[in-house]
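Novice: sequence? don't have it. structure:
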């Protein structure tokens with residue numbers, strides 16, 4: 001599934017919707033999938049230690065339960081485009097909403113560890129679908145003049161979803177007197193944390209009934225009159241509907257779906273540009289960013305921080321993530337992708353190295369010494385800030401721009417798959433690595449952050465200000 005081709009000056013580019021607030025509502029409703037993406041990804045942070053205790057499992061088994069959702073993510077992302085092309089973007093959103101809802105209920109009421117793992121996979125499938133369908137739908141519906149700003153709703157929704165999940169976890173933990181297994185509403189606190197996702201999931205499903213189907217899909221299935229109505233709704237009465245419909249049909253006829261074979265070249269299997277995309281994806285994950293969102297409460301508790309305080313620090317980290325994302329959205333088109341990535345890498349090296357230093361000290365009465373404790377806390381926030389203002393946004397922007405037109409879709413799919421695999425590797429390995437040596441674990445992340453600097457300098461080309469056609 002791809003967005004419409006660039007609009008002509010007589011069509012979408014000249015459109016100025018009379019009811020911009022309605023267009024914003026449509027984009028925001030679609031971005032609720034991104035909110036659930038962020039919420040479901042991070043809410044497990046509040047349940048990690050309770051799951052370990054309830055099922056009496058070691059770090060390896062615990063890691064698999066946490067990371068197994070990423071398998072569902074990969075499958076959902078790989079299949080969402082084809083599903084949406086067959087039954088429509090809105091139906092795809094409704095399926096994702098239903099899966100989010102079922103996953104929340106199942107995760108909150110598990111009767112065994114394998115049962116919890118299964119519902120995690122179901123939720124992961126919904127995350128994968130949401131990660132694809134939201135941006136694609138917004139790109140297809142938004143007028144060209146507002147596409148960039150409306151498209152940023154998805155990333156903003158993801159980081160807000162992460163923050164809200166941590167705030168909800170903190171509130172629930174306080175209500176349960178600081179005990180993750182404390183009783184609340186007839187359940188253990190961690191079960192309530194996972195179950196609360198039912199609320200935004202149902203809201204997402206309801207909102208999907210209030211927004212129109214993509215004009216591109218409507219035209220693809222021969223519903224031209226409905227497509228005209230939607231185009232009028234989002235682009236205003238002044239839009240040249242005949243020109244817009246013809247433009248979309250022409251773009252669809254010109255498109256050639258890229259295949260895996262198009263990516264092959266040379267002795268290294270893939271063409272160099274594909275490897276660069278894979279490299280960006282892998283470095284984005286190998287700096288350990290998802291440890292901050294999946295395991296931060298466990299991390300702080302492991303160095304003696306009170307459980308309630310650890311949940312609060314997880315929330316403040318999520319707020320820093322939002323701040324960094326906003327900074328990136330402001331400067332990515334002004335400063336450029338490559339400089340922002342380099343700035344972020346240097347900041348991440350500093351933050352991660354300080355965390356590694358702080359965690360190298362022995363605990364005193366079950367806690368880090370005061371100085372090292374404060375350094376670790378501040379450094380963790382510095383790391384998340386620099387990641388969010390750079391690699392968190394820049395990688396996705398560059399992956400959408402850097403590939404030649406004829407291989408863009410297939411190459412983006414391979415790069416995204418590499419990102420899910422790298423995410424799984426970090427998520428599944430952290431508990432065991434932390435048990436082995438927490439400080440050296442952060443040294444490993446620091447090394448990858450440092451290696452990202454020469455990688456960007458040598459291999460990554462700036463894409464700021466270039467049209468997609470200039471990429472080859």
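Specialist: It's in. Keep in mind the model is a prediction, meaning the values are calculated, not measured.
Novice: Any stretches of the stretch 101-250 of the chain with poor pLDDT?
Specialist: 144-145, 147-148, 237-240 (pLDDT under 70).
Novice: Residue 160 contacts residue 323, doesn't it?
Specialist: No. Residue 160 is beyond contact range of residue 323, at 11.7 Å (criterion: Cβ atoms under 8 Å). Using the backbone N, CA and C atoms, a C-beta is placed for each residue, glycine as well.
Novice: Looking at the two, which one has more neighbours?
Specialist: residue 160 (21 against 16; other Cβ atoms under 10 Å).
Novice: what helix or strand does the more buried one sit in?
Specialist: helix 147-175 (DSSP states H and E).
Novice: ok now that helix, how far from the chain's centre?
Specialist: Its chain's C-alpha centre and that of helix 147-175 lie 11 Å apart, by Cα atoms, centre = their mean, to the nearest Å.
Novice: okay, now the nearest residue to residue 207 once chain neighbours are set aside: neighbour count?
Specialist: Once flanking residues are discounted, residue 207 sits nearest to residue 29: 4.0 Å by Cβ to Cβ, 6 or more residues apart in numbering. Applying other Cβ under 10 Å, we find 22 residues neighbouring residue 29.
Novice: how close does residue 29 sit to residue 41?
Specialist: 20 Å (Cβ to Cβ, to the nearest Å).
Novice: Pull out the buried residues from the helix or strand hosting residue 229.
Specialist: Secondary structure assignment for residue 229, by DSSP H and E: helix 224-235. Within helix 224-235, the residues that qualify as buried are 227, 228, 230, 231, 232, 233, 234, 235, counting by 16 or more other Cβ atoms under 10 Å.
Novice: and what of stretch 28-38?
Specialist: 28, 29, 30, 31, 32, 33, 34, 35, 36, 37, 38.
Novice: hang on, the last one is in a strand, isn't it?
Specialist: Read it as residue 38. No. With DSSP: H, G, I helix; E, B strand; the rest coil as the criterion, residue 38 is located in helix rather than a strand.
Novice: pLDDT at it, what is it?
Specialist: Model confidence at residue 38, given as pLDDT, is 88.
Novice: For burial, what's the neighbour tally of the residue lying closest to it once chain neighbours are set aside?
Specialist: Excluding its sequence neighbours, the residue lying closest to residue 38 (Cβ to Cβ, 6+ apart) is residue 161, at 2.8 Å. Per other Cβ under 10 Å, the neighbour tally for residue 161 reads 27.
Novice: wait, doesn't residue 161 sit right on residue 100?
Specialist: No. With contact defined as Cβ under 8 Å, residue 161 does not reach residue 100; the gap is 11.2 Å.
Novice: Quick check: neighbours shared by the two?
Specialist: Common neighbours of residue 161 and residue 100, using Cβ atoms under 8 Å, 6 or more residues apart in numbering, are 36, 40, 200.
Novice: so where does the last one fall, helix or strand?
Specialist: Just to be clear, that refers to residue 200. helix 198-208.
Novice: Give me the contact list for that helix.
Specialist: Residues contacting helix 198-208 (Cβ under 8 Å, 6+ apart): 29, 32-33, 35-36, 39, 90, 93-94, 96-98, 100-101, 104-105, 161.
Novice: Narrow these to those in helices?
Specialist: Among the contacts of helix 198-208, the ones falling in helices (DSSP state H) are 29, 32-33, 35-36, 39, 90, 93-94, 96-98, 100-101, 104-105, 161.
Novice: rewinding a little: next one: the helix holding residue 229 to chain centre, how far?
Specialist: For helix 224-235, the distance to the chain centre is 30 Å (Cα atoms, centre = their mean).
Novice: now for it, which elements pack on it?
Specialist: Packing partners of helix 224-235 (3 or more Cβ pairs under 8 Å, 6 or more residues apart in numbering; DSSP states H and E): helix 20-43, helix 215-220, helix 241-254.
Novice: quick one: which of the buried residues of helix 224-235 is nearest residue 415?
Specialist: residue 234 (30.1 Å; Cβ to Cβ).
Novice: Now do that closest one against residue 140, distance only.
Specialist: With Cβ to Cβ as the criterion, residue 234 and residue 140 are 10 Å apart.
Novice: Which two of the buried residues of stretch 28-38 have the greatest separation?
Specialist: 29 and 38 (16.0 Å).
Novice: thinking again about what came up before, and the residue nearest to residue 207, what does it touch?
Specialist: Contacts of residue 29 by Cβ under 8 Å, 6+ apart are 207, 208, 210, 211.
Novice: what does residue 355 give?
Specialist: Contacts of residue 355 (Cβ under 8 Å, 6+ apart): 375, 376, 379, 380, 383, 442.
Novice: how many other residues sit next to the first one?
Specialist: This means residue 375. 18.
Novice: chain center to the stretch of helix or strand residue 400 belongs to: distance?
Specialist: If you go by DSSP H and E, residue 400 is part of helix 391-401. When C-alpha coordinates are averaged (Cα atoms, centre = their mean), helix 391-401 and its chain have centres 12 Å apart.
Novice: How about stretch 236-249?
Specialist: So, by Cα atoms, centre = their mean, the centroid of stretch 236-249 is 33 Å from its chain's centroid.
Novice: now swap in stretch 185-193 and tell me
Specialist: On Cα atoms, centre = their mean, the centre of stretch 185-193 falls 26 Å from the chain's centre.
Novice: List the buried residues for it?
Specialist: 187, 188, 189, 190, 191, 192, 193.
Novice: Many thanks, we can stop here.
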